[in-house]
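S.K.: Sharing a model that was predicted from the sequence below.
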Amino acid sequence: ATSEIRDLQLDSGNVQLRGHATLNNEGSLDKAELSTFKLSPGDDMRAQIERSNGIYKVAIRGNVGDARPFVKGGGTAPSAGRSAAANKDIKDFDLDLNLNILTGFNEEAITNASVKASMRKDSLRQLDLKGRLGATDILGRTVPQSGGSPVVIIQAEDAGALLRFTDIYKRMSRGNLILQLSTGDEPQAGHVIMHSFALVNEPALRRIIPTQT
């Protein structure tokens, strides 16, 4: 037996959900159609959620979405003290997101943002990211590895804008960036290549390069 919730309204802090949902006989979500799917104050999104074979299919569409709650600290490794029970609470899901504007930190935004991602437990299994960061392209994808977890490749034609979007560094102008990052439950190792960039008003450089008088 299933239970249907019509005229669903949830307000909790910045989160606002409107729509209807279907629960299974265990009280877990089976399906939801959300005409309002707001996680941050500026969000203008809608969502469809459906569970299939234990995996949640999440489709998000709309005009504006705020990436900052997910970007900040997103690169940190899982806590070593996380219990096995806590890991079981993490849901497997496939995300299909298309937004006109995906906002980040420091007034940077990705326009025409398309993100397709598959998460299994606490590990990214597949990623396909496309969009325009300012006036340049940003691309992301996963590359399968034989006998191991896939590797994430991020390519940006404006490295400074990407670092500001993620609030990692604010004083870089332009630049090309290629990031390769491992996935999985272990600490995420990788490397980054950047070239053709400039640093603007970086105080640390004044201790290295003498100021002309």
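M.R.: Happy to help now that I have it.

S.K.: Could you find the closest non-adjacent residue to Val192?
M.R.: Using CB to CB, 6 or more residues apart in numbering and skipping the chain neighbours, the partner closest in space to Val192 is Leu179 (4.7 Å). C-betas here are computed from N, CA, C, even on glycine.

S.K.: Distance-wise, check that neighbour relative to Phe105.
M.R.: The gap separating Leu179 from Phe105 is 17 Å, by CB to CB, to the nearest Å.

S.K.: just to revisit the earlier point, mind telling me what element the residue nearest to Val192 is part of?
M.R.: Leu179 is part of strand 172-182 when elements are defined by DSSP states H and E.

S.K.: what mean pLDDT does that strand have?
M.R.: For strand 172-182, the mean per-residue pLDDT is 95.

S.K.: Quick check: neighbours of it in the sheet, parallel or antiparallel?
M.R.: strand 148-156 (antiparallel), strand 190-199 (antiparallel) (DSSP bridges).

S.K.: How about residues contacting that strand?
M.R.: For strand 172-182, contacts defined as CB atoms under 8 Å, 6 or more residues apart in numbering pick out 149, 151-160, 162-164, 188-200.

S.K.: how close does the residue nearest to Val192 sit to Met45?
M.R.: Distance from Leu179 to Met45, by CB to CB: 27 Å.

S.K.: Between these two, point out the one with more neighbours.
M.R.: Met45 (21 against 17; other CB atoms under 10 Å).

S.K.: That one touches Leu99, doesn't it?
M.R.: Yes - contact criterion CB atoms under 8 Å: Met45 and Leu99 qualify, at 6.9 Å.

S.K.: Now do the same contact list for Leu23.
M.R.: Counting by CB under 8 Å, 6+ apart, Leu23 touches 2-5, 29-30.
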